[in-house]
Every structure is written in structure tokens, then in C-alpha cells.
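>>> I'll drop the sequence and a predicted model, then ask my questions.
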2 protein chains.
Amino acid sequence: MSEPRTLRRDARANAAKLQTAAREVFLAKGLDAPLDEIARAAGVSTGTLYNHFGSREALIDAVIPEVAGARMHALGAAVEAEATAAGRLQAFVLGMIQLQQDDPALNDALLRRYPDAVALTGVCDQSALLGRQLVRDAHAEGTLASDFTEDDLLALLWLAGTAGRDRTAPSSWRHVVTRSITSALSQHR
Amino acid sequence: MSEPRTLRRDARANAAKLQTAAREVFLAKGLDAPLDEIARAAGVSTGTLYNHFGSREALIDAVIPEVAGARMHALGAAVEAEATAAGRLQAFVLGMIQLQQDDPALNDALLRRYPDAVALTGVCDQSALLGRQLVRDAHAEGTLASDFTEDDLLALLWLAGTAGRDRTAPSSWRHVVTRSITSALSQHR
DNA sequence: GGTAAACTTGACAGTGGGGTCAACATCAGA
DNA sequence: TCTGATGTTGACCCCACTGTCAAGTTTACC
């Protein structure tokens, strides 16, 4: 791969089929789905997959950032709609948790399980930055306990993501996690 | 295995070496350590390990409940020493988290990663019962928010255990988790 | 329609674990 | 000391997955 700038028609079709299959399989099963399965779903051999993408990370990067970006964008809009910094932070946290639960791939992305997927990592970095900003805003507004730090927010989301990945998690992990943020938000003195 | 009630001297020695090795390796690396490694540490082949114990679960059960029981017992004593139900609950949570962090094997046990290790599961059940009782006591005492349930406590410990297992966990997960219980304890109206 | 370049295939090797078994070794007791 | 019951060995098979490559197929262009 790489030298010829235009792919042969069949090759282009295969690449497209692979991307479609990858999107589906990744979204359904998470970013650690067997590449085998993606190749099979695309009706192509694993060799072809490697020929086109060379690594799991590259395949992820070719497919997931777009989806993740769109989802994050939508969440960003919902967050903006809130009137107060406290409201925005809460909307952000609940929205992120929702995204993580709905979509194993996004969850894996946010947990940074594949740091070599650079494009995807970029999307996550942005969302982390947004989260940090929301924490700062809420602090400035005086509606977030000052000992709830930016890192605490990221840890909270990490916990939620990790719990969401694990089928053996007791279901009330949600209570525990959300209590942590809501209590920090209601302690505005 | 099984019919002869007295093992040959060398066989007994091997079983003992295996138990010692298993204790060490399990405590150091968690209950999912390769059995290979345990056999090697005992100076014995994997066949011998299987000959004596037949499965990972059986080996775990032969070795870990004793340690786990002792640790839990010590924690129980420390908890008893507290004057109030709130104090006992807090001591229990912090103590459990400490145990989970200090000892991957105990952590795996409490997360019930090997439910077929029945003896071990028994020990965990007991500690769960103690936790539930402490929640009920604190509710009765009026020092624990009534929407913090027994299941919430178990979920909290599950979260802590899971975070502790994962080297990629952001370190402030501890803040997040402990805030959840401390806020529920300080909301006694 | 023939040919070279581009592409695909699938069998294969590698990894890292679980578990088995026929052949070999050792022990205990007569 | 000899023998058979008891134990042990480690090569071997299994699984699921990653990644490679020589041989075969298809396309694009003359």
C-alpha cells in the first residue's frame, strides 16, 4: 500500500466494505472486537484488511473519530443549552455516561484503550478539555465544591466507563457515581 | 488422585510446595496468575499441579480462603472498635478499599472473579453480609442518607476493586468513590 | 486480448494461556 | 530386592487472536 495514489476499483470497494464493517462491528462490540470478524463481515480476508490498514489502530482511526466527533458535538450542543455552569456540568456528566453506556466503541475510545489511534485520541482530548472547562466554570460560579477537581471529573468518567464495560458490575454503580457529582454540586455554600 | 486416603510422602511434599507457591504467586499477581508460573515456582510440572488440584478454582480454594478470612477478621475487629454505626460503616469501607488495593488476590476474590471457588465465595458473602448490616445500622442510627442502599455499598466496593485492578486508572478515582460514601454519611439531617 | 502491476487469498507461524496423557520414575511393603 | 501402585513429567493438543507471505487472481492500460 501507499505508493500508488489511486486505488484500483476493486481495492477501493474493499476498503469501503472494510470501513463499513469495521464501523458496525466496533460500535456493536467495542474497539477490541476481533479483526477477523470485521474481515469476515466485509466479505474479505484478513490479509486484505492488513493490506489496507496495517493495524487495528489505523482501522479505528479511519472509522471511529467521525462517529465519536458527531456524538461529542451533539452532547456539546445539549450542554450549551443549560443556563448555569452547574447545569452544564451536570448535563455533561450525565450525557457522557449515557454515551459510554450506549456505545462500547465510544467507551473504549474515552477510556483511551488504543492511544495509538491518534485521530480518535484527539477527539477524546477535546472532550476532556471541555469537561475541565466546565469544572472551572462551576467553581467560578460557586456551585461546585472546591475539592471536586478537574481530575476528579475525569476519574469519575473513567469509573463509569469501566463499570459500563463489565457485565458483572452491580447495577447500582450508577447511583454511586452520580452521587459523587451531585453531592459536590449541591454543596455550594 | 482421590481414592487413596494417604498420599505418598513425595506427593504430600509436592502438594505442600504447590500450596506455598500458589499462595505467594496469587497474592503477588492476583488470582488470574498463570498456573504455569505456580508450578514452576513450586519446582514441579503443570501436570502435577493438575493432578493435585484439577483446576484453578480448587487451588484457589485450597489456599486463599484462609488468608482472606484472616484479613476480614482483622477488619471486622477494627470496625467493632468504632463507637457509632456511622464510624463503623466508614471504617469498613475504608478498610475494605485498603485491603483491595494491598492485595490483588483478595481484590479478585471480593470481585468474585472465580465464583466456582466456593470456600472463597463463602468468605466474601460473609463480608458482604457484614457490610449490609452496617448500612442498616447506620440507617437506624439516622446517620446515613436513606437513599444510600445496601446495594450501593456493594457497588461502591466493586468500583473500588475494579479501579484498583487497572493500572491505567486515574489516581483520583479514590476521591470520587470516597466522596460518595462520605457525602451520604454527612447528610444525616 | 495480452501483460504487468495491483490486489487478494488462506494457510501458516507466533503468542499466551488452559488442560491431557502415555511413558517414565519413585516409593512402600512383602 | 523386587514389584506394582502411586506420582510425575513435558511434549502435545486446544483455543482465540494477531500478523505475514508466496502463490494465485483481477484490473487497467496498451
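Yep, that arrived.

>>> OK, contacts around the nearest residue to A:Thr46 once chain neighbours are set aside?
Nearest non-adjacent residue to A:Thr46, counting by Cβ to Cβ, 6 or more residues apart in numbering or on different chains: A:Ala39, 4.6 Å away. C-beta here means a position set from N, CA and C on the backbone, and glycine is covered the same way. For A:Ala39, the contact set (Cβ atoms under 8 Å, 6 or more residues apart in numbering or on different chains) comprises A:Leu18, A:Ala21, A:Ser45, A:Thr46, A:Thr48, A:Leu49.

>>> do the same with A:Asp152
Shown in contact with A:Asp152 (Cβ under 8 Å, 6+ apart): A:Ser180, A:Ala184, B:Ser172, B:His175, B:Val176, B:Arg179.

>>> DNA strand C next: which of the contacts of A:Ala39 are close?
Filtering the contacts of A:Ala39 for proximity to DNA strand C by Cβ under 7 Å from any atom of the strand leaves A:Ser45, A:Thr46, A:Thr48.

>>> what's around the second one, how many residues?
In terms of burial, A:Thr46 registers 14 neighbours under the definition other Cβ atoms under 10 Å in any protein chain shown.

>>> surely it touches A:Leu35?
Yes. Between A:Thr46 and A:Leu35 a contact is recorded at 6.4 Å, counting by Cβ atoms under 8 Å.

>>> now the residue in chain A that chain B sits nearest to, nearest residue through space, not along the chain?
Proximity of chain A to chain B (Cβ to the nearest Cβ) peaks at A:Ser183, 3.6 Å away. Among residues not flanking A:Ser183 along the chain, B:Ser183 sits closest, at 3.6 Å (Cβ to Cβ, 6+ apart).

>>> give me the residue at the spatial middle of chain A.
The centroid of chain A falls nearest to A:Leu106 when counting by Cα atoms, centre = their mean (3.1 Å).

>>> what strand or helix carries that one?
For A:Leu106, the host element (DSSP states H and E) is helix A:104-110.

>>> and A:Asp116, by the same measure?
Applying DSSP H and E, one finds A:Asp116 in no helix or strand.

>>> so what's it up against?
Neighbours of A:Asp116 in contact, by Cβ under 8 Å, 6+ apart: A:Ser55, A:Glu57.

>>> could I get the phi/psi values of it?
A:Asp116 adopts backbone torsions of phi -80, psi -10, taken as degrees, to the nearest 10.

>>> A:Val176 now?
phi -60, psi -50.

>>> so it makes contact with B:Leu154?
No. Shown here, A:Val176 and B:Leu154 do not form a contact pair, counting by Cβ under 8 Å, at 9.6 Å.

>>> in terms of neighbours, single out the busier of those two.
It is A:Val176, of A:Val176 and B:Leu154, that has more neighbours when counted by other Cβ under 10 Å, with 30 against 20.

>>> and for A:Glu82, nearest residue in space, chain neighbours not counted?
Using Cβ to Cβ, 6+ apart, the closest residue to A:Glu82 is A:Arg88 (4.4 Å).

>>> DNA strand D contacts on chain A?
So far as Cβ under 7 Å from any atom of the strand goes, chain A lies against DNA strand D at A:8-10, A:32, A:34-36, A:46-47, A:50-51, A:54-56.

>>> need the max-distance pair from those.
Using Cβ to Cβ, the pair of those lying farthest apart is A:Arg9 and A:Asp32, separated by 32.3 Å.

>>> the more surrounded of the two?
Taking other Cβ under 10 Å, A:Arg9 and A:Asp32 do not tie; A:Asp32 has more neighbours (14 against 8).

>>> about what we covered before: hmm, who's touching the helix holding A:Leu106?
Outside helix A:104-110, the residues touching it (Cβ under 8 Å, 6+ apart) are A:26-32, A:64, A:67-68, A:71, A:96, A:99-101, A:114, A:117, A:120, A:123-124, A:127, A:157, A:161, A:164-165.

>>> in PyMOL, select just the buried ones from those.
Selecting only the buried entries of those in PyMOL, with 16 or more other Cβ atoms under 10 Å in any protein chain shown as the criterion:
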select buried, chain A and resi 26+27+30+31+64+67+68+71+96+99+100+101+114+117+120+123+124+127+157+161+164+165
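
>>> average pLDDT for the helix holding A:Leu106, rounded please.
Mean pLDDT, computed over helix A:104-110, is 94.

>>> thank you kindly, that will do.
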